[in-house]
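J.: predicted structure and sequence below. I'll ask about it afterward.
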Amino acid sequence: MRTRMTRHLESVLTEAAAGAKAAPARRPVLPPEFNWRDYAVLLLHIAAEIEHSLMVQYLFAAYSLGGPQVPERLRADVRRWQEVVLGIAKEEMGHLLTVQNLLIALGGPVHLGREDYPWGTDFYPFPFTLRRLTQETLARYICAESPPNWTGEEAERIRQLAAGRQGAPVNRVGALYDRLTDILGDRDRIPDAAFQAATLPYQASWHEWGRGYTLGERGRDAGNVPETQSPDLLIIGVSSRDSALNALKQIGEQGEALPPLQAPLPAAGTDSRELSHFFRFLTIFRELDRLDPPDQDTVARRVAENPRTDHRLNQETLALTRTLVLEPDQPRPEVNPITDPKAARWGHLFNLRYRMLLTDVAHAFRLIGPLDNGATLTARGSLIHRAFGEMYNLRAVAGTLLQLPLDHERDGGLLAGPPFEMPYTLDLPAGDRNRWLLQRDLTEASLLAVDALLQTRLTPEGEAYLRALRETDIQARKFAERVLAER
């Protein structure tokens with residue numbers, strides 16, 4: 001998290017560190033250089049970065065699960081765990097979109113950015129790290145999503161595991177939403193007129209982005225996994241103080257609702273959408289904990305931590321890892337460059353599709369109107385449709401990366417993974433025409449990347465996927481050119 005943000009957070013950080021020990025909670029303190037509306041926008045920017053970062057880390061951990069090393073007797077459980085974690089990641093996407101709606105309703109800018117390796121603070125749950133799923137990573141996720149009144153022997157054990165050898169505690173995400181609720185619920189700080197109902201047409205709606213992800217209306221991604229249900233996306237429009245507080249409340253409940261401390265594991269067929277992120281992660285942790293240590297190590301592939309598309313650690317990359325502002329004893333994130341040539345090409349394609357997804361989402365917030373005119377997609381409808389396509393592209397390209405080596409020179413056994421590197425900018429250019437020029441640029445960049453990969457040795461499945469992706473890009477470029485011709 002950037003220092004330009006953290007310098008304004010002293011009052012929030014102090015109370016977050018106090019946690020449940022604060023009694024009663026102190027009234028929020030307005031930092032210098034702000035009024036209350038502007039400060040709420042800052043906190044929502046931080047909430048957006050946290051939701052985005054958690055979503056990406058959950059996706060990476062979910063992608064790591066499975067593989068040929070998983071014993072046959074564990075494969076059904078591992079597949080179920082993967083679906084549960086993927087479902088949580090999708091729900092984090094819903095949280096990210098709802099935070100954008102809160103920003104838009106308050107007159108703030110959309111914020112989809114995050115840091116590749118955020119600065120550590122007492123407020124961020126833990127330093128951003130792409131890691132395979134293990135008991136330690138699960139422990140971190142559980143603590144980040146935990147409610148304030150989570151206690152007991154199991155809680156202490158998981159907190160110690162999450163802290164690691166360095167003893168760095170994991171902070172609750174809910175502390176930020178508690179603070180936002182205090183501020184947005186106070187009419188003396190945020191008047192009713194600050195909530196702009198007229199912005200609703202620009203906001204994300206469940207009708208457009210939910211795609212049936214509720215009450216089992218949409219099937220699961222990967223076929224028959226009977227113990228899991230499709231995720232329940234919360235995408236909530238904001239037009240008033242009450243709707244803003246409702247959005248914050250529902251995000252909090254989906255993340256950290258507390259079950260009875262000795263609650264049994266849910267039976268097969270239990271609708272997992274009824275369980276919070278906290279309890280879903282806790283359930284996987286308990287099941288994994290029952291396995292012998294050798295079996296625990298087989299459930300996820302040996303994926304490199306924090307894979308990057310750098311072919312070598314140049315001075316700029318080394319400087320990045322040295323200048324992170326972390327607590328004195330906090331470990332610095334390990335960076336693993338992808339040096340296998342084919343894996344590096346797939347890694348660059350992954351980063352490009354990730355950028356295209358974020359650009360499509362940001363661009364859609366600039367447009368209003370229906371998704372289609374009869375059988376023809378509108379510009380807004382095209383962007384939302386393509387955003388869903390990019391979500392599937394990320395999973396497909398990640399699946400290829402997880403079968404390729406990290407390093408072509410040394411047989412260390414580590415696999416390349418999806419790098420999730422942020423683009424140089426997510427700022428959209430001024431003017432509608434220039435935004436569609438950017439869309440055309442991205443499709444042309446993807447065509448170049450796909451054509452380069454098609455010149456390499458591929459599996460039949462990989463070649464078929466790339467040729468289908470190429471055709472999709474050609475159609476997207478034609479759509480952009482058609483829109484440009486009308487501007």
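T.: Cool, the structure landed.

J.: so Tyr124 sits in a strand?
T.: No. Read with DSSP: H, G, I helix; E, B strand; the rest coil, Tyr124 is coil and lies in no strand.

J.: that one and Phe285: what is the separation?
T.: From Tyr124 over to Phe285 the distance is 22 Å, taken as C-beta to C-beta, to the nearest Å. All C-beta atoms are positioned from the backbone trio N, CA, C, and that covers glycine.

J.: of these two, which one has the most company?
T.: With neighbours defined as other C-beta atoms under 10 Å, Tyr124 and Phe285 compare such that Tyr124 has more, 25 against 18.

J.: for Ala398, see how far away that one is.
T.: Tyr124 is 25 Å from Ala398, where distance means C-beta to C-beta.

J.: ok, Ala452 next?
T.: Taken as C-beta to C-beta, the span from Ala452 to Ala398 is 19 Å.

J.: kindly report the same for Asn171.
T.: 28 Å.

J.: between these two, who's got more neighbours?
T.: Shown here are Asn171 and Ala398; by other C-beta under 10 Å, Ala398 has more neighbours (24 against 21).

J.: grab the nearest non-local neighbour of the more buried one.
T.: Counting by C-beta to C-beta, 6 or more residues apart in numbering, Ala398 lies nearest to Pro418, which is 4.0 Å off, once chain neighbours are set aside.

J.: what does Arg187 give?
T.: Counting by C-beta to C-beta, 6+ apart, Arg241 is the residue found nearest to Arg187 once chain neighbours are left out, at 7.6 Å.

J.: ok, that neighbour - contacts?
T.: Arg241 makes contact with Leu184, Gly185, Arg187, Ile190, Asp192, Phe195, according to C-beta atoms under 8 Å, 6 or more residues apart in numbering.

J.: top of the residues you listed by neighbour count?
T.: Leu184 (26 neighbours).

J.: need the contact list for it.
T.: Counting by C-beta under 8 Å, 6+ apart, Leu184 touches Ala40, Ile190, Arg241, Ala244, Leu245, Leu248.

J.: what about the residue nearest to Thr134 when sequence neighbours are not counted, neighbour count?
T.: Excluding its sequence neighbours, the residue lying closest to Thr134 (C-beta to C-beta, 6+ apart) is Ala300, at 6.8 Å. The tally of other residues near Ala300 (other C-beta under 10 Å) stands at 25.

J.: and the strands in the protein?
T.: Here the chain has its strands, by DSSP state E, at 307-308, 336-337, 372-373, 376-377.

J.: now those as a markdown table including mean pLDDT?
T.: Shown next, in a markdown table, are those (pLDDT from 0 to 100):
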| stretch | mean pLDDT |
| --- | --- |
| strand 307-308 | 93 |
| strand 336-337 | 90 |
| strand 372-373 | 86 |
| strand 376-377 | 88 |
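
J.: could you measure the residue positioned nearest the centre of the chain against Ala48, distance?
T.: The centroid of the chain falls nearest to Met55 when counting by C-alpha atoms, centre = their mean (1.9 Å). Distance of Met55 to Ala48, computed by C-beta to C-beta: 11 Å.
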